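Undergrad: Below: sequence and its predicted model.
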Amino acid sequence: MARQKPLKLYRNIGIIAHIDAGKTTTTERVLYYTGKKHQIIEVHDTKDGKASTTTDYLEQERKRGITIQSAAVSCEWKGYQINLIDTPGHVDFTIEVNRSLRVLDGAVVVFDGVAGVEPQTETNWRLANQYNVPRMCYVNKMDRMGANFTHCVKGIKERLSSKAVVCQVPLGSYDEFCGMADLVANVAYIWQSDDKDSTWETVPLDQLPGRFTFASAGDNEWVKRIPELRQELLEHALALDEDAFMEFVENGKFDPAVLKVCIRKGTVSGEFVPILCGSSFKNKGVQQMLDAVLDYLPYPGENGGIGMVDPDGKVIGTQEVKDDAPARALAFKVINDQFGTLTFVRVYSGVIKKGDTLANVTRNKKERIGRIVEVQASATKDIEEARAGDIVAFVSMKETETGDSLGDPDKPALLERMRFPDPVISVSVEPKTRADVDKMSTALYKMVKADPSLRLQVDQETGQTVLKGMGELHLEVTIDRMRTELGVEANMGRPRVSFREAFGTSVELVYTHKKQSGGSGQYAEVKMIFEPMPSGTGVEFSDEVVGGRIPREFIPSVEHAVETECKRGQVAGYEVVDFKARLIDGKYHDVDSSALAFEIAGRAAFREAHRNSRPKLLEPIMKIEVVTEGEYLGTIIGDVNRRRGQVTDQGQKGNQATVVGFVPLSEMFGYINFLRSATSGRGTFTMEFDHYSEVPPGLVQKLMDAEA
Ligand SMILES: Nc1nc2c(ncn2[C@@H]2O[C@H](COP(=O)(O)OP(=O)(O)OP(=O)(O)O)[C@@H](O)[C@H]2O)c(=O)[nH]1
Ligand SMILES: [Mg+2]
């Protein structure tokens, strides 16, 4: 089958923002206006479980009124195919934004018109920077009391990108919000009502003066500034085309089509970030936002191809996005439920047909593609093939996990990997009833496989199962989804901090394992150096033995010993990270040496070295942002200091005060209760993991006693 639609008519975009900015609400409108559905469901009307928005279909999402997992939908707008991913804003589910941005070509960043730039918007913005995803800003909720475009635009420019340029100006705010002036098209759109099917009047911008007098002076000021803002936009955008710019500067003339081309060029390259506005809830601005997606965000491959890397992650080439090339795809999400496994992939090049066999290049395995489906949130439709630029799912893959590269077995290539966040909270998990005992470990394994921001550990000494995740909500939702999706019930223990351990200094040692008990004995000697490494290195092993001083076949035993033994450090039994183990020499005995003897020697060497290195305990440090009335500022700051925290910034957000700082996670349990009582219920806060840092030695014992 030939390609049905040219690549230029595709847009793969994500909707990203802080929690509650209105991403799902906007997605519902997109599906309605593109004719995909005939009824709009509001997020706050789904709690009784009877109705569901298209993208928040999980029971846990409906009950809480928040998005938990990213959901993909596709629709058609003016002849273009838009594949859209609605992502969650809650910090605990950041992996969902991460993996979506990894495979998308562009993003719409949604803002709450009252709150402006919020912490998770900043985090997601940084992620989009990392993955080089072009984006535009949509200031939503202009109909809310307190909506403040000035505050939002200032926040966007100062905290996110100085390249952001106002392309639409709101007409009024709160209950007067009635439309927007489009500085590119040189017209205003004015809606007749809030109804979803309301039409709008299109008015040339030069006819606006005198038409409105709003209650807020700020709103009137924006309307007054329209000519000046349009001039700014023209200069900014046309500067991206030398000829057009000269013509504009010298004769004051330009071609409107060239203007759009310039904005598109700037947006795709990241030189320009358009700012739009609207109210998805009151059905204003969504169609215009969709037009802007077609006009300004890139088609697959427009922003360059996909990087191919060597096993160390170094970029060694680029694959252009086109059909006529070896098949290359990246698995970015795996969903398991009672019906089986669905592996979401983004195809970068080539054509993949049902029945093809692909190489899983990451795992050096082969996978047959039995079925290919197009996914529409919770529904699937079988298709025959997937092409460059497509986002589809393969059914029942056996070996493939999130982040794996798939492709042509004759021309295998690894694609750039995604980065996964560090889980910082852990809970013990126990089966709820006897019936759950056998099924629990398989079910947990499936949950962890689907979510790379979870980790599963079984404590070898106590036999206890420990689940690690991004936050309390993340773990709670995981256990609850295991019940609803896999039918296995479990109880969770109290949430605990995921501490880690590290080497304090380098240690060189020789360890000899010798045992003589009647017949054949055990003998192995290793000479090793353990060196602390920078944060984020993980564990490295290097074999530097020369001249066969330890036979080749025993070296993997030493490596295995280090990898296993480092799970239990010498300070308090936490995982030891960020070190390099160098095996530099050793001795063996022809008869008495064995893999087991070297494994025992390796383990003992690790324990002794770690104990003697002045080992450190590391704890996760969270970045927090508290928003409250100014009068409580002193109390909040004093409390941050009491929690061993550090305030790094104070500011204003509208008429509220903000405090930004770093606090150890172990001091943050129950913070919401403190905040509620300290601010008469009016303070809010967000926190996210920032980095690991050493626990002051004098505090280790106290913290460990509290953990016991
Ligand atoms: N007044 C007003 N409320 C809105 C608007 N858009 C969304 N809301 C409301 O804001 C709340 C959150 O909306 P959602 O669409 O769930 O927000 P979200 O960004 O998807 O949230 P998460 O997925 O949980 O991060 C809901 O109660 C919406 O009805 C808007 O334009 N105006
Ligand atoms: Mg949502």
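TA: Good, I have the coordinates. Residues are numbered from 1 along each chain as shown. Ligands and ions are numbered 1, 2, ... in the order given.

Undergrad: ends of stretch 372-384, how far apart?
TA: Stretch 372-384 has its terminal residues 7 Å apart, counting by C-alpha to C-alpha, to the nearest Å.

Undergrad: Buried residues of it, list them for me.
TA: Ile372, Val373, Glu374, Val375, Gln376, Ala377, Thr380, Ile383 (16 or more other C-beta atoms under 10 Å). Heads up, the C-betas are built off the backbone N, CA and C, glycines and all.

Undergrad: From what I see, the second one and Lys381 are in contact.
TA: Yes. The pair Val373 / Lys381 is scored as a contact, 6.1 Å apart, by C-beta atoms under 8 Å.

Undergrad: neighbours of the residue in the stretch 451-600 of the chain that ligand 1 sits nearest to, just the number please.
TA: Nearest residue of the stretch 451-600 of the chain to ligand 1, counting by C-beta to the nearest ligand atom: Leu473, 11.0 Å away. Number of residues near Leu473 (other C-beta atoms under 10 Å) recorded here: 18.

Undergrad: Tally up the residues packed near the nearest residue to it once chain neighbours are set aside, please.
TA: In space, and not counting its chain neighbours, Leu473 is closest to Asp92: 4.7 Å by C-beta to C-beta, 6 or more residues apart in numbering. Using other C-beta under 10 Å, Asp92 has 24 neighbouring residues.

Undergrad: what's the answer for the one 5 residues further on, then?
TA: Here the neighbour count serves as a burial measure; for Val97 (other C-beta under 10 Å) it reads 26.

Undergrad: which ones are touching it?
TA: For Val97, the contacting residues are Gly14, Ile16, Ser70, Thr87, Pro88, Asn124, Leu127, by C-beta atoms under 8 Å, 6 or more residues apart in numbering.

Undergrad: Nearest to Leu486 among the residues you listed?
TA: Ser70 (20.0 Å; C-beta to C-beta).

Undergrad: wait, doesn't the closest one sit right on Leu84?
TA: No. Counting by C-beta under 8 Å, Ser70 stays clear of Leu84, with 10.3 Å between them.

Undergrad: tell me, what's touching the two both at once?
TA: Common neighbours of Ser70 and Leu84 (C-beta under 8 Å, 6+ apart) are Gly14.

Undergrad: How about the stretch 601-708 of the chain: which residue is closest to ligand 1?
TA: Relative to ligand 1, the nearest point of the stretch 601-708 of the chain is Thr686 (11.7 Å; C-beta to the nearest ligand atom).

Undergrad: If we ignore the residues flanking it in sequence, what's nearest that residue?
TA: Sequence neighbours aside, Pro119 is the residue nearest to Thr686 in space, at 4.6 Å (criterion: C-beta to C-beta, 6+ apart).

Undergrad: Return the backbone torsion pair for that neighbour.
TA: Dihedral angles of Pro119 (phi, psi; degrees, to the nearest 10) stand at phi -50, psi -40.

Undergrad: gap between it and ligand 1?
TA: 12 Å (C-beta to the nearest ligand atom, to the nearest Å).

Undergrad: How about the contacts made by the most centrally placed residue in the chain?
TA: Centroid-nearest residue in the chain, with C-alpha atoms, centre = their mean: Asn98, separated by 2.5 Å. By C-beta under 8 Å, 6+ apart, the residues touching Asn98 are Leu127, Met418, Arg419, Phe420, Pro421.

Undergrad: Which of the helices or strands spans it?
TA: Applying DSSP states H and E as the criterion places Asn98 in helix 94-103.

Undergrad: Average pLDDT for that helix, rounded please.
TA: Average pLDDT, helix 94-103: 93.

Undergrad: near ligand 1, anything from it?
TA: No. Against ligand 1, helix 94-103 shows no contacts by C-beta under 6 Å from any ligand atom, the least distance being 9.7 Å.

Undergrad: Could you dump the contacts of Val97 into JSON lines with neighbour count added?
TA: JSON lines is the format used below for the contacts of Val97 (neighbours: other C-beta atoms under 10 Å):
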{"residue": "Gly14", "neighbour count": "28"}
{"residue": "Ile16", "neighbour count": "31"}
{"residue": "Ser70", "neighbour count": "24"}
{"residue": "Thr87", "neighbour count": "27"}
{"residue": "Pro88", "neighbour count": "27"}
{"residue": "Asn124", "neighbour count": "26"}
{"residue": "Leu127", "neighbour count": "20"}
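
Undergrad: Same question for the helix or strand hosting Ala443: list its buried residues.
TA: Assessed by DSSP H and E, Ala443 sits inside helix 434-450. Using 16+ other C-beta under 10 Å as the burial criterion, the residues of helix 434-450 that qualify are Asp436, Lys439, Met440, Ala443, Leu444, Lys446, Met447, Val448, Lys449, Ala450.

Undergrad: ok, residues contacting that helix?
TA: 333-336, 401-402, 429, 431, 454-456, 465, 467, 478, 481-482, 486-490.

Undergrad: Produce a ChimeraX select command limited to the buried residues of those residues.
TA: This is the ChimeraX syntax for the buried subset of the contacts of helix 434-450, where burial follows 16+ other C-beta under 10 Å:
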select :333,334,335,336,402,429,431,454,455,465,467,478,481,482,486,488,489,490
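
Undergrad: Please list the members of the contacts of helix 434-450 that lie in helices.
TA: Residues of those located in helices (DSSP state H): Thr478, Arg481, Met482, Leu486.

Undergrad: Can you tell me how far whatever residue of the stretch 301-450 of the chain ends up closest to ligand 2 is from ligand 1?
TA: Using C-beta to the ion, the closest approach of the stretch 301-450 of the chain to ligand 2 is made by Ala377 at 12.0 Å. Using C-beta to the nearest ligand atom, Ala377 is found at 13 Å from ligand 1.

Undergrad: CA atoms of the lengthiest strand in the chain as CSV?
TA: Criterion DSSP state E: the longest strand present in the chain is strand 616-628. Extracted in CSV, the C-alpha atoms of strand 616-628 (Å, rounded to 0.1, in the frame of the first residue of the first chain):
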residue,chain,number,x,y,z
LYS,A,616,28.5,8.2,53.1
LEU,A,617,24.7,8.0,53.4
LEU,A,618,23.0,10.0,50.7
GLU,A,619,19.4,11.4,50.8
PRO,A,620,17.1,12.8,48.2
ILE,A,621,16.8,16.5,48.3
MET,A,622,13.5,18.0,46.9
LYS,A,623,13.0,21.3,45.3
ILE,A,624,9.9,22.8,46.8
GLU,A,625,7.7,25.8,45.9
VAL,A,626,5.2,27.1,48.4
VAL,A,627,2.5,29.6,47.3
THR,A,628,0.7,31.5,50.0
